[in-house]
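Trainee: pasting the structure only:
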């Protein structure tokens, strides 16, 4: 047989015969050296050579003990079992065939990790036969933590980690979370994480240790009772297991049965375990936690959970979790885990906006449709995940806010008739205005989540308008104006949703506070266009609907005027932002006046730079508003002298404050 790079296997029977032969040879050498030493000494002959022979015999005796230990280890690790959905898998590099000996195991295939296996066996014996079963709680807790680093090190040797779990008694393994928590250890969470990390390494490694196949199969089998299921799921949660293992475990231990009979007590842990690990006692919530973070696992689980007997669609399965979360005491835990599972399934964690895979996009569309039905009353702890989905699918929400084309459309993957795509906006699916508006309502009630979405929307607005300006500079297209109109509609829909969820006063007060703070704190050269994106987006939202909100419009305008001088400041800001974008993109126009060029950057000054200069130059008895107007006059003369440039600026800035979204959503929402 040609040599291989990897140790291929051991035949325990052949090794046993070797040990027997070595034992016999050692005994014979010992007897021989003893007899001859006595004889030679009678004749006064020195016997150093015989003493060396005796040492060799002693060495042979110690090797016999080692060989028998190794035989036991190899036999234990070689007792394979079927893998998930199939037979045990042989190592890819191992080419030796089994020995055909009658009554023996033949050649057992193992990687060349015998030293690591010995280390793993020592840990398994220490934990499985001593620490976890024969100590009082205080000492037990100390010993568990003392050796946790050794368990963590197993993660660096996946095959040794597999050997450890194969040799650990199954009763001990399945009760690990409960046993560790019961000690009252303050490091229980950290210690369990060490076991989970090692288990994850073993699960992700090639299946080279046959005995671990049984462990792997056991972990994903149904068990008797919620307590046993909870313990297995708690161990798997931090394992970062492969997608197939996550799906099989979550289904077998909770989700298949949940789909068939959701109305039962799903609690599987006591307060001790909940406090120790910060995990929910709800087995359904914990099963979703195991799936969360792995989009492939989430999508696979929702496609298959319940088995062939369950005929529910994916959206109906989603609704079943939402209904369950509303009716049980652990509902917040379920909603939180469900939200993070939805976030993963939609690809919001792993994929980039505008570049979503078909599978993730299809899942996201289902999530949006289901959650949109809840409007301003989604599960509270799912809102964070819904906001993450919204930011990841900003292309789809921006397109969904368009009222210029196919306003009657329904949400789906087919491009609406007469649709006019915009460059750089690449939705994987097309939302109706109603679904867009209702989905926004699921998260805009939380200020922090709205701010997170606004940052993404503002950056996308800047990038998309910049790209459109560059294209328009090359020809007679009107992408820039159409893009501005789309973002004006998106801002209007978002602000309308915010008003509906939070109430008019709360929503507008927040916008005013933010705007006053931003404009009052400006210092020169500190607020370029990109850094001011969010503030501009906030104002776009506010003025997009402010004219027709009679209850607070006058108060709002008065307070904004106090911060900026006059209401037209916003229009000027919009116009100047549009001018900067078009000019930087190379849109045809004359050179701007020198007073509009920044000495620091050599580029066109931003509106906020001019505003900061005005505040800085304001002296006693002088209003900064007057100074600002003088600084903006050259800009107005410059744009007025470039008719095509000026019209493009005016149209796009007007589109940013369009009331169309607010007006039409009452009909098409």
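Mentor: Thanks, I have the structure now. Since we're looking at a predicted model, the values are computed, not measured. Numbering: from 1, shown residues only.

Trainee: Just the buried residues of the helix or strand containing residue 246, please?
Mentor: Using DSSP states H and E, residue 246 sits within helix 243-250. Neighbour counts using 16 or more other C-beta atoms under 10 Å place 243, 245, 246, 247, 248, 249, 250 of helix 243-250 among the buried residues. Just so you know, the C-beta spots here come from the backbone N, C-alpha and C atoms, and that holds for glycine as well.

Trainee: Over to stretch 307-324?
Mentor: When neighbours are counted by 16+ other C-beta under 10 Å, the buried residues of stretch 307-324 are found to be 314, 317, 318, 320, 321, 322, 324.

Trainee: how much space between residue 385 and residue 129?
Mentor: Taking C-beta to C-beta, to the nearest Å as the measure, residue 385 falls 44 Å from residue 129.

Trainee: Between the two, point out the one with more neighbours.
Mentor: residue 385 (29 against 13; other C-beta atoms under 10 Å).

Trainee: where are the low-confidence patches of the stretch 551-669 of the chain?
Mentor: Within the stretch 551-669 of the chain, the ranges that satisfy pLDDT under 70 run 551-572, 657-663, 666-669.

Trainee: quick one, helices of it?
Mentor: With DSSP state H, counting those that start in this stretch, the ranges of helices along the stretch 551-669 of the chain come out as 553-564, 568-584, 607-617, 624-640, 643-656, 660-668.

Trainee: Can you check which of those helices gets nearest to residue 596?
Mentor: helix 624-640 (5.9 Å; C-beta to C-beta).

Trainee: What is the burial count for residue 467?
Mentor: 19.

Trainee: out of the buried residues of stretch 307-324, which are inside helices?
Mentor: Counting by DSSP state H, these place 314, 317, 318, 320, 321, 322, 324 in helices.

Trainee: ok, the nearest residue to the fifth one once chain neighbours are set aside - contacts?
Mentor: In space, and not counting its chain neighbours, residue 321 is closest to residue 338: 4.9 Å by C-beta to C-beta, 6 or more residues apart in numbering. Residue 338 makes contact with 285, 288, 318, 321, 322, 325, 379, 382 under the criterion C-beta atoms under 8 Å, 6 or more residues apart in numbering.

Trainee: Which pair in the residues you listed has the greatest spatial separation?
Mentor: Every pair of those checked by C-beta to C-beta; the farthest is 285 and 318, at 14.9 Å.

Trainee: Break down the stretch 151-300 of the chain into its helices, ranges please.
Mentor: For the stretch 151-300 of the chain, helices defined by DSSP H, counting those that start in this stretch occupy the ranges 158-167, 170-174, 176-182, 188-204, 210-219, 226-237, 243-250, 256-260, 271-277, 283-291, 295-304.

Trainee: got TSV for these, with distance to residue 334 and mean pLDDT too?
Mentor: Listed next are those as TSV, based on distance: least, C-beta to C-beta, whole Å; pLDDT from 0 to 100:
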stretch	distance to residue 334	mean pLDDT
helix 158-167	30	91
helix 170-174	24	90
helix 176-182	20	94
helix 188-204	21	96
helix 210-219	23	89
helix 226-237	14	96
helix 243-250	14	97
helix 256-260	10	95
helix 271-277	14	94
helix 283-291	5	97
helix 295-304	15	97
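
Trainee: okay, those helices in CSV with distance to residue 600 next?
Mentor: CSV is the format used below for these (distance: least, C-beta to C-beta, whole Å):
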stretch, distance to residue 600
helix 158-167, 55
helix 170-174, 65
helix 176-182, 60
helix 188-204, 50
helix 210-219, 62
helix 226-237, 52
helix 243-250, 52
helix 256-260, 62
helix 271-277, 54
helix 283-291, 51
helix 295-304, 45
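
Trainee: Relative to residue 586, which of the ones you listed is closest?
Mentor: Of the helices of the stretch 151-300 of the chain, nearest to residue 586 by C-beta to C-beta is helix 295-304, at 40.2 Å.

Trainee: Quick one: work out the angle between the closest one and helix 283-291.
Mentor: Inter-element angle recorded for helix 295-304 and helix 283-291: 140 degrees (by axes from the mean of the first three to the mean of the last three C-alpha atoms, to 10 degrees).

Trainee: and helix 295-304, what does it pack onto?
Mentor: helix 243-250, helix 283-291, helix 314-327, helix 331-345, helix 358-372 (3 or more C-beta pairs under 8 Å, 6 or more residues apart in numbering; DSSP states H and E).

Trainee: Just want the angle from the shortest one to helix 283-291.
Mentor: Regarding helix 243-250 and helix 283-291, their directions subtend 180 degrees when assessed with the same axes, to 10 degrees.

Trainee: and the angle from helix 243-250 to helix 188-204?
Mentor: Helix 243-250 runs at 120 degrees relative to helix 188-204, counting by the same axes, to 10 degrees.

Trainee: I'd like to know which of the helices of the stretch 551-669 of the chain lies nearest to residue 310.
Mentor: Among those, helix 660-668 comes nearest to residue 310, with 35.4 Å by C-beta to C-beta.

Trainee: ok, the nearest residue to residue 456 once chain neighbours are set aside - contacts?
Mentor: Counting by C-beta to C-beta, 6+ apart, the nearest residue to residue 456 once its immediate chain neighbours are dropped is residue 391, at 4.3 Å. Applying C-beta under 8 Å, 6+ apart, we find residue 391 in contact with 348, 353, 452, 453, 456.

Trainee: Mind putting those residues into TSV with secondary structure and distance to residue 483?
Mentor: Formatted as TSV, these follow (DSSP: H, G, I helix; E, B strand; the rest coil; distance: C-beta to C-beta, whole Å):
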residue	secondary structure	distance to residue 483
348	coil	24
353	coil	16
452	helix	23
453	helix	19
456	helix	16
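
Trainee: what's the most distant pair in the residues you listed?
Mentor: Most distant of the contacts of residue 391, by C-beta to C-beta, are 353 and 452, 13.3 Å apart.
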